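Asker: Here you go, sequence then predicted model.
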Amino acid sequence: MSYRLELWPHRSLPPQGFVWVIGLTAGFLALPLVAVIGRTALWGLLPFAGLAVWALWAAIRRSYRCPREVMDLSRDRLALRRSDPGKPDRSWQTNPYWVRVSLRQGGPVEDYLVLTDGRREVELGAFLAPEERVALSDELNQRLEALRR
């Protein structure tokens with residue numbers, strides 16, 4: 001029996017929505033420019049409209065580069081890998097028999113989810129909502145308990 005868990009922050013804007021937002025923004029910024037077509041004022045306004053669309057595009061694309069955590073759990077191994085944009089991957093492997101899951105109230109976020117094997121502690125899902133971390137903690141405890149039987 002094996003279990004794979006992949007975590008990433010929620011994205012409220014899917015890729016199709018991204019296309020719509022950029023298209024509508026470009027369209028609405030072009031409307032006032034129609035009034036100055038053929039005038040020299042167009043060349044003064046056009047770079048600012050283009051810069052606004054580019055800045056929105058760059059900001060949304062940057063928000064899509066998010067951390068990702070992947071946990072593989074089997075009877076003899078628990079492997080956790082965290083990938084942060086622009087940083088090397090961090091990984092942790094241990095025997096799942098010794099792993100304990102705990103929620104801490106005094107951590108950097110509410111209901112801070114921590115996995116420990118007695119030698120090292122690692123956080124899990126710090127970017128999730130508090131209620132999601134509580135549900136994840138319950139699910140992980142059930143999976144680990146099932147593996148120990």
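Answerer: Perfect, thanks for sending it.
Asker: hey, let's count contacts and neighbours off CA atoms from now on
Answerer: Will do.
Asker: Show me the chain divided up by domain.
Answerer: 2-8+67-148, 15-64 (automatic domain parsing).
Asker: Comparing these, which comes out most buried?
Answerer: Ranked by average neighbour count under the criterion mean count of other C-alpha atoms under 10 Å, the domains of the chain are headed by domain 2-8+67-148 at a mean of 15.
Asker: What are the phi and psi values at the closest residue to residue 70 other than its chain neighbours?
Answerer: Spatial nearest neighbour of residue 70, excluding adjacent residues (C-alpha to C-alpha, 6 or more residues apart in numbering): residue 6 at 4.5 Å. When read as degrees, to the nearest 10, the backbone of residue 6 gives phi -120, psi 130.
Asker: Check what pLDDT residue 6 gets.
Answerer: In this model, residue 6 is scored at 90, pLDDT.
Asker: Make sure it is actually in contact with residue 73.
Answerer: No - Residue 6 sits out of contact with residue 73 when judged by C-alpha atoms under 8 Å, with a separation of 11.4 Å.
Asker: Check which helices and strands the longest helix seen in the chain is in contact with.
Answerer: Taking DSSP state H as the criterion, the chain has its longest helix at helix 41-64. Helix 41-64 is packed against helix 15-34, with contacts defined by 3 or more C-alpha pairs under 8 Å, 6 or more residues apart in numbering; DSSP states H and E.
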